[in-house]
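Participant: coords please:
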Amino acid sequence: MRQLTVGDVVAGPLRSFGGVEKVGNVVHTLRATGHHAFPVVDEPPFSPGPPVLYGLVLRAHLLVLLKKREFLAAPERCHKEYVAGRFQAEDFDKRGSGKQDTIADVVLSPEEMEMYVDLHPFTNTSPYTVVETMSLAKALVLFREVGLRHLLVVPKACDRSPVVGILTRHDFIPEHILGLHPVLLKSRWKRLRWQRGAVAKYFRSLVEWVANSG
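Facilitator: The predicted structure follows:
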């Protein structure tokens, strides 16, 4: 992993939502993917300039919003008072967060599918992010130590999309990495590292066996 960057293992295509999104787009994306989280990107008129990364919204929270049907007739942001009066913290706890629900449980009319939902109040605005040029090994350390489920990858250049992709546990699996970069299988460096690691592991297990036997 020291030879790779996080940008080398991010797989696409990336699915994201606007800060104010059409209900039909949310439903279609949830039906077409199994992702558990999505970047929320603000574009004009909800950002003063180029698109900006607003945060990360969970699939479970999107299911809550769809089932409660608190939709808007026009693409506009909600007032804080509007949200506070219609949602409670309990709606998004483990029991009510939609963990047991699926998108198949959501049935909406054609009129509702053409309406809008404001995702801003339900988005985590401070998700962990790493630059695409960060070492994959360093990203793994961060992922494990913090106990993350999602790690957003942002571009190094500011003239690109504000988010490159999302890292999950799957992206750190050796089979996934070698599938993207099969040349590593033929790397002499990798073989030497593997051999040394296997010998060290065998030696440690032998020492432990001797100690337990005594």
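Participant: C-alpha from now on. contacts and neighbour counts both.
Facilitator: OK.
Participant: Check the gap between residue 149 and residue 2 for me.
Facilitator: Per Cα to Cα, to the nearest Å, residue 149 is found 21 Å from residue 2.
Participant: okay, these two: which has more neighbours?
Facilitator: For residue 149 versus residue 2, the count of surrounding residues by other Cα atoms under 10 Å is larger for residue 149: 14 against 9.
Participant: Quick check: the more buried one touching residue 166?
Facilitator: No: with contact defined as Cα atoms under 8 Å, residue 149 does not reach residue 166; the gap is 9.8 Å.
Participant: I'd like the distance between residue 77 and residue 27.
Facilitator: From residue 77 to residue 27 the distance is 19 Å (Cα to Cα).
Participant: Pick out whichever of the two has more residues nearby.
Facilitator: Ranked by neighbour count (other Cα under 10 Å), residue 77 and residue 27 place residue 27 first, with 19 against 16.
Participant: I'd like the distance from the strand or helix carrying that one to the chain centre, please.
Facilitator: In this assignment (DSSP states H and E), residue 27 forms part of helix 23-32. Counting by Cα atoms, centre = their mean, to the nearest Å, helix 23-32 is centred 17 Å from the centre of its parent chain.
Participant: And that helix, what's buried?
Facilitator: 23, 24, 26, 27, 29, 30 (16 or more other Cα atoms under 10 Å).
Participant: In CSV, list those along with distance to residue 132.
Facilitator: Output for these, formatted as CSV (distance: Cα to Cα, whole Å):
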residue, distance to residue 132
23, 31
24, 31
26, 27
27, 29
29, 25
30, 26
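Participant: Are we agreed that residue 56 is in a strand?
Facilitator: Yes: assessed with DSSP: H, G, I helix; E, B strand; the rest coil, residue 56 lies in a strand.
Participant: Surely it touches residue 125?
Facilitator: Yes: here residue 56 reaches residue 125: they are 6.6 Å apart, a contact under Cα under 8 Å.
Participant: Which strands and helices lie in contact with the helix holding residue 27?
Facilitator: Secondary-structure packing of helix 23-32 (3 or more Cα pairs under 8 Å, 6 or more residues apart in numbering; DSSP states H and E): helix 59-68, helix 110-113.
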